[in-house]
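Asks: Here's my sequence, what's the structure:
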Amino acid sequence: MFADDPFARTAVDENDAAGDALVVAHDAAYCVRGYRSFEFASFSARAGEVLALFGTDRVAARDLALACAGLVRPTAGTLSVAGIDVAGRARLAAGIAGVGVFSGLVDADGSLTVEECVGHELRLRRAAGVDVLEYLAEFGLATQAEQRVDMLAPAARARLSAALACAGGVRVAALDLDDPFADGLSTRDARLVVTLAQRYARAHRICVVVATREPAVACAADAAVALDIPAAEALACQMAASSEEVGAA
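Replies: Residues are numbered from 1 along each chain as shown. Prediction:
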């Protein structure tokens, strides 16, 4: 649940230090050669939940999501993923973290069908014995298994990104719901992706980290981290509006 303070989940408690969290950040930052991305990020994320990284700067949220998958190395602070500090020299072992589509870095082959695309990812992550169609069904994609990736609508592309991120028994999955791959994704459909990710995370005890610039999408997650002051204010307003809707109902 969200606390009243939008920054409440940025505090790292004693349970996290004891190893109950899969991702723990303490003042993590990424600033290199004049390029400034996320700064002073402190939060924790546990198995069985979706954590939203919410910022007004899409690049900062994207970079931090990639850092949670071990693909961006913070230049300051600490960021521990499954007990490994990726801000240090250590690298994540294969199979610990997975990522969805991050255009220009991790792309999906548009010439493949959905089934081929996800099946290829499962094989790369050595997920032997997984029924691809059953796996796709967990993300609402079974009926689109034979469609080519480049023919998918934005909503299906976002679900495909989530399916690729979670494939293969990873412990931490990262995706960006603002990535150009799913350009045109509506807030409603983005919230649905979060819901599907929550179900998968709880069923398989993994942590899913989602980058977003939409406060309504961040509020759909189990917890959210505001990465800047405007984001914190927007998140507080969205939470207040959601509370009023619940009260009126």
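Asks: residues of the strand ranked longest in the chain that come out buried?
Replies: For the chain, the strand with the greatest residue count under DSSP state E is strand 21-29. Going by neighbour count (16 or more other Cβ atoms under 10 Å), the buried part of strand 21-29 is 21-26, 28-29. Every C-beta, even on glycine, is put in place using the N, C-alpha and C of the backbone.
Asks: want to throw those residues into JSON lines with pLDDT and distance to C117?
Replies: Formatted as JSON lines, the entries for the buried residues of strand 21-29 read as follows, by pLDDT from 0 to 100; distance: Cβ to Cβ, whole Å:
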{"residue": "A21", "pLDDT": "91", "distance to C117": "31"}
{"residue": "L22", "pLDDT": "95", "distance to C117": "26"}
{"residue": "V23", "pLDDT": "97", "distance to C117": "26"}
{"residue": "V24", "pLDDT": "96", "distance to C117": "32"}
{"residue": "A25", "pLDDT": "97", "distance to C117": "31"}
{"residue": "H26", "pLDDT": "96", "distance to C117": "36"}
{"residue": "A28", "pLDDT": "96", "distance to C117": "31"}
{"residue": "A29", "pLDDT": "96", "distance to C117": "34"}
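Asks: Widest-spaced pair of those?
Replies: Farthest pair in the buried residues of strand 21-29 (Cβ to Cβ) is L22 and A29. Separation: 20.6 Å.
Asks: just the strands in this protein please.
Replies: Counting by DSSP E, the segments of the chain that form strands are 21-29, 31-32, 35-36, 41-46, 49-54, 76-81, 84-85, 97-99, 172-176, 207-212, 223-226.
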